[in-house]
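Give me a model of this one.
(2 chains)
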Amino acid sequence: MKKLILTIAALALGAGLAHAGSHSVIRMGTEGAYPPWNFLNDAGEVDGFERELGDELCRRAELTCEWVTNDWDSIIPNLVSGNYDTIIAGMSITAERDQVIDFTQNYSQPDPSAYLAMSDDVDVEGAVLAAQTNTIQAAFIAEKGWTLVEFATPEETIAAVKTGEADAVLADKSYLTPIEAEDADLVFLARTELIGGGVGMGIRESDTELKEKFNMAIQSMKDDGSLNALIVKWEIGEPF
Amino acid sequence: MACYLTTGKHFGFYWSFVTVLVLLAVTAPTALLFGFGGATAARSQFLPLRWFGTTYISIVRGVPDIAFFLFFVIALDQGFEFLRHQYLCPDWTDRIWQGNDFVVCSAAKLPLGNAPQWVHEVYGFLLAVLTFAIVFGAFAANVLHGAMQAVPRGQIETAEAYGMTRRQAFWHVLVPQMWIYALPGLSNLWMLLIKATPLLFLLGVEDIVYWARELGGTKQARFSDYPHGDWRLWYFLALLVFYLAFTRLSEVVLSRLTRRLSHGQATIGATA
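You can find the predicted model right below:
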């Protein structure tokens, strides 16, 4: 076994010598399961608001970018250990996350979170509420002390409401809107929650240079209105 | 329907079956090799080697698979990068661990930051093979160690009486005879390995369960040409059929192998 590991290590060392080089490709980590922010289209490629936004940002910052999908649960640990260079996955900027990673400036307005349920008379304080693990919504329900069931993917939170496992799901309104529009059984509750401080790109704390580049690119898209055009096109909330 | 089943996404799904089968085909012999190494080390006369063998077997067997997959792979990856960093960037002055961040010079990244996506995927796959091999190798080592003990002592004594050295007796008498004792345990491991493949997604390899979940999920007309409700049940049923068919096939092959290995052996199946 030792020999095998040594052989692999030797191979690995050798492979790198050929073209030791620059940080020329930026790997963009996303979840790929959160339309309209990011999802896999029929061809199996990353698509959505953040795909278009990310490609445009990379063009403006003169970076070559490549898209990678990763489970939501381990999306921060994998950024920190260097498996990709940014998180662009509809991640709200929170103080708690900011302790572990850095964020660029926000590229969306704070989006109200909405409740989706099978009937509009659910009382959220006494109800069983579904939310995705490690989201601001899950943290919000937990903090309120209401009954929370957590799921690893957004898809499962909706399924839980439809099977009756949960009474309502709390998520970003922009994610729930297309689902509500196409499913006759599901309705929004009147109540919404204003949580979160807008969405930004997550970047390693040590990677300040990359953060500055993306900050400038986002600012230039805010200034010339192209960011607003994308926000309207994908219906992800209020424009700036 | 035909159009739906041939979208790029579905090809990703079909391709993941190949990934899983290749993984099994590569991992099983590697794990067996690790197991053989571990078992031989554990019965070695050289004390440090014996310690190494028994420690490997007992530590890996005692750690839950999922913990091993979450912790060990990142550690392994960082270990490789750390070694490369020491070798390739001796002049680097910044610290490698900056708070939560693990930062090595860009030449030491594995794979290199500018490598195409398929290189990253192959690398992830190799890490998966190595991790599976280490985990299942420990179990295999225990099975093989037991099998070596189970070969009747008389066989070795006879070999020694014929003037064989320890090494000759091991390779020509013990090893050929131990397989029949090892087979039931090894076939168990093989079945477990088949069922453990969904752990692949923890390592960033997109396996069949990941794609079934993704494809079965509700699709809205805005985001897909083929909108549908929650079809995960059907996709998971397809996986169930696949796993059952595959394990059934394995059972048939393994029982044939057992019969073949029993020929001329002093076991209960064929008394000498």
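
where in chain A is pLDDT low?
A:1-23 (pLDDT under 70).

ok, now which ones touch the residue most central in space within chain B?
The centre of chain B sits closest to residue B:132, judged by C-alpha atoms, centre = their mean, with a distance of 2.8 Å. Applying C-beta atoms under 8 Å, 6 or more residues apart in numbering or on different chains, we find residue B:132 in contact with B:23, B:27, B:31, B:193, B:196. Every residue, glycine included, has its C-beta placed from N, CA and C.

That one falls within a strand, correct?
No. Using DSSP: H, G, I helix; E, B strand; the rest coil, the secondary structure at residue B:132 is helix, not a strand.

how far away is it from residue B:94?
Separation of residue B:132 from residue B:94 (C-beta to C-beta, to the nearest Å): 35 Å.

And for the closest residue to chain A within the stretch 151-272 of chain B, nearest residue in space, chain neighbours not counted?
Per C-beta to the nearest C-beta, residue B:217 is where the stretch 151-272 of chain B lies closest to chain A, at 4.2 Å. Of all residues not flanking residue B:217 in the chain, residue A:155 sits nearest, at 4.2 Å (C-beta to C-beta, 6 or more residues apart in numbering or on different chains).

pretty sure that neighbour contacts residue B:220?
No. Counting by C-beta atoms under 8 Å, residue A:155 does not reach residue B:220; the two are 11.6 Å apart.

And the two? Which one has more around it.
Ranked by neighbour count (other C-beta atoms under 10 Å in any protein chain shown), residue A:155 and residue B:220 place residue A:155 first, with 20 against 17.

Now the closest residue to residue A:127 other than its chain neighbours: phi and psi?
Leaving out its chain neighbours, the residue that sits closest to residue A:127 by C-beta to C-beta, 6+ apart is residue A:167, at 3.8 Å. When read as degrees, to the nearest 10, the backbone of residue A:167 gives phi -90, psi -30.

wait, doesn't residue A:167 sit right on residue A:129?
Yes. Contact status for residue A:167 versus residue A:129: in contact at 6.9 Å, counting by C-beta under 8 Å.

Just the mean pLDDT for stretch B:76-94, thanks.
The average pLDDT for stretch B:76-94 rounds to 84.

Whether it contacts chain A - can you check?
Yes. Stretch B:76-94 is in contact with chain A by C-beta under 8 Å from any C-beta of the partner chain, via B:77, B:78, B:80, B:81, B:83, B:84, B:87, B:88.

Next, the contact list for the second one, please.
Residues touching residue B:78, when contacts are defined by C-beta under 8 Å, 6+ apart, comprise A:81, B:102.

which SSE is it in?
helix B:73-88 (DSSP states H and E).

mind saving the C-alpha coords of that helix as CSV?
Extracted in CSV, the C-alpha atoms of helix B:73-88 (Å, rounded to 0.1, in the frame of the first residue of the first chain):
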residue,chain,number,x,y,z
VAL,B,73,-10.5,12.4,1.1
ILE,B,74,-10.0,16.1,1.9
ALA,B,75,-7.1,15.2,4.1
LEU,B,76,-5.6,13.0,1.4
ASP,B,77,-6.1,15.7,-1.2
GLN,B,78,-4.5,18.3,1.0
GLY,B,79,-1.7,15.9,1.9
PHE,B,80,-0.8,15.5,-1.8
GLU,B,81,-0.9,19.3,-2.3
PHE,B,82,1.1,19.9,0.8
LEU,B,83,3.9,17.5,-0.4
ARG,B,84,3.9,19.1,-3.9
HIS,B,85,4.0,22.6,-2.3
GLN,B,86,7.1,21.7,-0.2
TYR,B,87,8.7,20.3,-3.4
LEU,B,88,7.7,22.9,-6.0
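
Can you read off the backbone torsions of the residue nearest in space to the middle of chain A?
Nearest to the mean C-alpha position of chain A, counting by C-alpha atoms, centre = their mean, stands residue A:89 at 2.2 Å. Per-residue torsions, residue A:89: phi -140, psi 40 (degrees, to the nearest 10).

ok, it - contacts?
Contacts of residue A:89 (C-beta under 8 Å, 6+ apart): A:29, A:30, A:31, A:34, A:37, A:38, A:50, A:72, A:75, A:202.

I'd like to know how far the fourth one sits from residue B:237.
As defined by C-beta to C-beta, residue A:34 lies at a distance of 26 Å from residue B:237.

Those two: which is more packed in?
Legend: neighbour count by other C-beta under 10 Å for residue A:34 and residue B:237, higher for residue A:34 (23 against 12).

how about residue A:104, what does it touch?
A:200, A:201, A:203, A:211, A:214, A:215, A:218.

Could you find the closest non-adjacent residue to residue B:216?
residue B:232 (3.3 Å).

okay, residue A:167 and residue A:129: which has more neighbours?
A direct count of neighbours by other C-beta under 10 Å for residue A:167 and residue A:129 places residue A:129 higher, at 28 against 21.

The closest residue to residue A:207 other than its chain neighbours: neighbouring residues, count only.
Excluding its sequence neighbours, the residue lying closest to residue A:207 (C-beta to C-beta, 6+ apart) is residue A:85, at 6.9 Å. Look at residue A:85: counted by other C-beta under 10 Å, it has 23 neighbours.

what's the answer for residue A:63, then?
Look at residue A:63: counted by other C-beta under 10 Å, it has 19 neighbours.

cool, and residue B:210?
Using other C-beta under 10 Å, the number of residues around residue B:210 comes to 18.

Between the two ends of stretch A:115-135, how far is it?
With C-alpha to C-alpha, to the nearest Å applied, stretch A:115-135 spans 15 Å between its terminal residues.

show me where chain A has helices.
Here chain A has its helices, by DSSP state H, at A:2-18, A:49-60, A:75-80, A:95-98, A:136-144, A:154-163, A:173-182, A:208-223, A:226-234.

Among those, which comes closest to residue B:152?
helix A:2-18 (32.3 Å; C-beta to C-beta).

How about residue B:56: what's its closest non-neighbour residue?
residue B:38 (5.3 Å).

In the helix or strand where that neighbour lies, which residues are buried?
Per DSSP H and E, residue B:38 falls inside helix B:8-42. For helix B:8-42, burial by neighbour count (16 or more other C-beta atoms under 10 Å in any protein chain shown) applies to B:9, B:12-13, B:16, B:19-20, B:23-24, B:26-28, B:30-32, B:34-42.

Which elements pack onto the following helix or strand past it?
Next along the chain after helix B:8-42, taking DSSP H and E as the criterion, comes helix B:47-62. Applying 3 or more C-beta pairs under 8 Å, 6 or more residues apart in numbering or on different chains; DSSP states H and E, one finds that helix B:47-62 makes contact with helix B:8-42, helix B:117-150.

Figure out how far the longest one is from the centre of its chain.
This means helix B:8-42. Put simply, helix B:8-42 sits 5 Å off its chain's centre (C-alpha atoms, centre = their mean, to the nearest Å).

Just give the number of residues close to residue B:110.
23.

can you pull the pLDDT of it?
79.
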